[in-house]
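Asker: How does the following fold in three dimensions:
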Amino acid sequence: MEKKKVVVAYSGGLDTSYTVMKLAKEGYEVYAACANTGGFSPEQLKKNEENAFKLGAKEYVTLDVTQEYYEKSLKYMVFGNVMRNNCYPISVSSERIFQAIAIARYAKEISADAIAHGSTGAGNDQIRFDMTFLVMAPGVEIITLTRDHALSRQEEVDYLNENGFFADFTKLKYSYNVGIWGTSICGGELLDPSKGLPEEAYLKHVTAETPETELKITFEKGEIVAVNGEAFADKVAAIQKIEEIGASYAIGRDCNVGDTIIGIKGRVGFEAAAPKLIIEAHRLLEKSTLSKWQQYWKDQVANWYGMFLHESQYLEPVMPDIEAMLTSSQRNVNGTAILKLRPYGFETVGVDSADDLQKSKLGEYGEMQHGWTSEDAKGFIKVLSTPLRVYYGIHPDEKR
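Answerer: Predicted structure coming up:
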């Protein structure tokens, strides 16, 4: 009988390593696929390939979708200044969607019978993977050994060791997910809602040689084109450059408490220098280049965009409609935002933009008007006060 072909979404971690070996032992033809959205180093990818074959995989492939991730997600999150709960830059949750899309696409290319992933039944990732596979690879079986058999880490380690595979799968105090849009940190003190993370929990620490520095990020139509005057055609490289600068000051640390897709509360720590700096620089530039109502309505749809992305609704047909609105809003978001960095934090300084609406010749705020007279101002204020004068004229005893 011909072997069933299964694609394993393989990260190199314990759950997916167990899945590769177990399915290979059960007679599947295993294709280990690592979908990279910017979180794996070349050394890690090489090690993944070596281990996949040791575990019994017939084939191994790295699916690099970092640029696709930027073009189809990160770009719009910057346009929308997306921060979940005004805090978390939706790092891992957005990456998972594009990893799942890449896996589903690969499974269809090789006519796989099944797709397997290592998610447990207690988190968001099972939903992001399963929903994407159901839509993008209909009819392909979904296998989740860790979830279906409620396997413990020790059971998986014992199985691998008994079958001759040894690796350092020691359960650390903290678990990390590293990506181009930030690193999430789980476990440890975060399990106690009254405590925060200590210095040693973070992967990046202060290494900057100066106590403070200026960071200038230049945007054209909302996208980064230069960092400190250095031009970048590759937007991913620009993000990595900003991360390098910001991480040297240990910027972007925080904890987020939010609602999971399955309905329970979740707490996660993170360090995300690039997202924090880019989004605040972009927001600063927008304050000067967008109208009041452009900012208002963009914030409304951007909030929904971030929520849908986090909750595995990237494939919802409304998403490209929101992206079209966000893209349109960026037509005049041009110029340079200036930030001042210091250890563990930063401040916004100002902007330099030809599209700065503060440069209007009609007047300078708090100084002098040029587009109207003092009588015009008094008349405007009187008309503006009309609804209130009507209300309190009829209800003179109502107090505030």
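
Asker: switch to C-alpha atoms for all contacts and neighbour counts from now on
Answerer: OK.

Asker: Run a quick neighbour tally on residue 178.
Answerer: Neighbour count for residue 178, taken as other C-alpha atoms under 10 Å: 20.

Asker: so how far is the first residue of stretch 260-280 from its last?
Answerer: Using C-alpha to C-alpha, to the nearest Å, the span of stretch 260-280 from its first residue to its last is 25 Å.

Asker: Which positions within that stretch qualify as buried?
Answerer: The neighbour-count check on stretch 260-280 (16 or more other C-alpha atoms under 10 Å) flags 261, 266-280 as buried.

Asker: give me the low-pLDDT residue ranges for the stretch 51-200 of the chain?
Answerer: Filtered on pLDDT under 70, the stretch 51-200 of the chain yields the residue ranges 171.

Asker: And the helices in it?
Answerer: For the stretch 51-200 of the chain, the helices defined by DSSP state H, counting those that start in this stretch occupy 66-69, 75-79, 91-109, 125-136, 145-148, 153-162.

Asker: Out of the ones you listed, which is closest to residue 176?
Answerer: Among these, the nearest to residue 176 by C-alpha to C-alpha is helix 91-109 (10.1 Å).

Asker: just the angle between the closest one and helix 125-136, please?
Answerer: Put simply, helix 91-109 runs at 40 degrees to helix 125-136, going by axes from the mean of the first three to the mean of the last three C-alpha atoms, to 10 degrees.

Asker: Excluding chain neighbours, what is closest to residue 100?
Answerer: Among residues not flanking residue 100 along the chain, residue 129 sits closest, at 5.4 Å (C-alpha to C-alpha, 6 or more residues apart in numbering).

Asker: For residue 216, give its distance to residue 344.
Answerer: Residue 216 is 18 Å from residue 344, by C-alpha to C-alpha.

Asker: Just want to know which of those two has more residues nearby.
Answerer: Counted by other C-alpha under 10 Å, residue 216 and residue 344 do not tie: residue 216 has more neighbours, with 23 against 16.

Asker: Could you name the specific helix or strand carrying the more buried one?
Answerer: Residue 216 is part of strand 213-220, with elements assigned from DSSP states H and E.

Asker: Show me what that strand is packed against.
Answerer: strand 223-227, helix 273-289, strand 335-342 (3 or more C-alpha pairs under 8 Å, 6 or more residues apart in numbering; DSSP states H and E).

Asker: residues making contact with it?
Answerer: Outside strand 213-220, the residues that touch it by C-alpha atoms under 8 Å, 6 or more residues apart in numbering are 224-229, 278, 281-282, 333-342.

Asker: What subset of the residues you listed is buried?
Answerer: Buried subset of those (neighbour count, 16+ other C-alpha under 10 Å): 224-227, 278, 281-282, 333-339, 341-342.

Asker: Apart from its chain neighbours, what residue comes closest to the residue nearest the centre of the chain?
Answerer: Central residue of the chain (C-alpha atoms, centre = their mean): residue 91, 2.8 Å from the mean position. Excluding the flanking residues, the one nearest residue 91 by C-alpha to C-alpha, 6+ apart is residue 181, at 5.1 Å.

Asker: Can you show me the CA trace of stretch 120-132 as CSV?
Answerer: Extracted as CSV, the C-alpha positions of stretch 120-132 are listed here (Å, rounded to 0.1, in the frame of the first residue of the first chain):
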residue,chain,number,x,y,z
THR,A,120,-1.8,21.9,22.3
GLY,A,121,-5.6,22.3,23.0
ALA,A,122,-5.1,25.2,25.4
GLY,A,123,-3.9,28.0,23.2
ASN,A,124,-4.6,30.3,20.2
ASP,A,125,-2.2,28.6,17.7
GLN,A,126,-4.4,25.5,17.2
ILE,A,127,-7.1,27.8,15.9
ARG,A,128,-4.8,29.8,13.6
PHE,A,129,-3.4,26.6,12.1
ASP,A,130,-6.6,24.6,11.8
MET,A,131,-8.7,27.4,10.4
THR,A,132,-6.1,28.2,7.8
